[in-house]
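A.B. asks: Structure for the following, please:
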Amino acid sequence: MDKQPVFFCVCSQKGSVGKSTITILLASWLHYALRRDVLVVDCDAPQWSIVAQRERELDVLERNDRYKLMMVRLFKRTGRKIWPVVRSTSDEGLQAARAYLAAGDREADFVLLDLPGTVTVPGIFRLLAQLDHLFIPLKADKLVLGSALSFARAVDEQLVQNDVHRLKGLHLFWTMVDWREHRLCEGNNFRFFILYFPAT
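C.D. replies: This is a model prediction of the structure:
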C-alpha cells in the first residue's frame, strides 16, 4: 500500500441525523463522479447498515436482470467497479481498513468510516484522534444543534488543537434542512451548508 489515504468520517453524538446515508452518498460521489478510489468501513455495530444495504443490493442484482444490466452500463460508462465496504467495530476500524488495503496491494484515496450513532461507545475518541478529518452534521433542532456544537467544541479543544493527535480538520454542515425555512439559512450565511469549525 504505497498510497496513503485520507481517513475521515461523518460523526454525531446523536442518532438519526443521516450519517450512514451521507457516508454512502459521499463514497459514491467520490468513487463514480470524481473517480477516486474509496473504501468504506462500516463500524456501526451491531446493525452494520451499510454492509446490510450492500448485501441487499447484491441480492437484487443477482435476481433481477434489469438491475444487472444497469450495473453493467454503469461500469461501461465509468470504468468503475462498485466501491468496497468492510465490516468492523469502532475500536478496530482503522486496523480493518489497513488490513483490507494491504491484502492484494489494494489502494484507496479516501477511507470513510461509518460510526455508531453515539460517541459513548468505548474507543470512539481514540479513533477520532487518528482520523484526518471529521464531518459533523447539524440538524435544525434546538436540542440536537446545542448537543452537536458542544461535541464539536470538545473535539476541537481535545483533538484538533492538540498536536499529539492526527486529526487536522473539523467540519460542520447542515443536514435535513426544511426548505420552507430557507430564509433563515440564507440570512445566516448557511446557504451552501458548509461551516468550518475554527482550528485555532
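A.B. asks: low pLDDT regions in the protein?
C.D. replies: Scanning the chain for pLDDT under 70 picks out the ranges 1-2, 14-15, 177-200.
A.B. asks: Would you map the strands across it?
C.D. replies: Here the chain has its strands, by DSSP state E, at 6-10, 38-42, 85-87, 110-114, 133-139, 169-175, 194-196.
A.B. asks: Return the first one as CSV; C-alpha atoms alone will do.
C.D. replies: The C-alpha trace of strand 6-10 is given here as CSV (Å, rounded to 0.1, in the frame of the first residue of the first chain):
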residue,chain,number,x,y,z
VAL,A,6,-7.2,10.3,3.8
PHE,A,7,-9.2,8.9,6.7
PHE,A,8,-12.5,10.6,7.7
CYS,A,9,-16.0,10.1,8.9
VAL,A,10,-19.3,11.7,9.4
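A.B. asks: picking up where we left off before, reformat the strands of the chain as JSON lines; add mean neighbour count.
C.D. replies: C-beta coordinates here come from the backbone N, C-alpha and C atoms, glycine included. Conversion of the strands of the chain to JSON lines gives the following (neighbours: other C-beta atoms under 10 Å):
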{"stretch": "strand 6-10", "mean neighbour count": "22"}
{"stretch": "strand 38-42", "mean neighbour count": "26"}
{"stretch": "strand 85-87", "mean neighbour count": "19"}
{"stretch": "strand 110-114", "mean neighbour count": "25"}
{"stretch": "strand 133-139", "mean neighbour count": "21"}
{"stretch": "strand 169-175", "mean neighbour count": "17"}
{"stretch": "strand 194-196", "mean neighbour count": "13"}
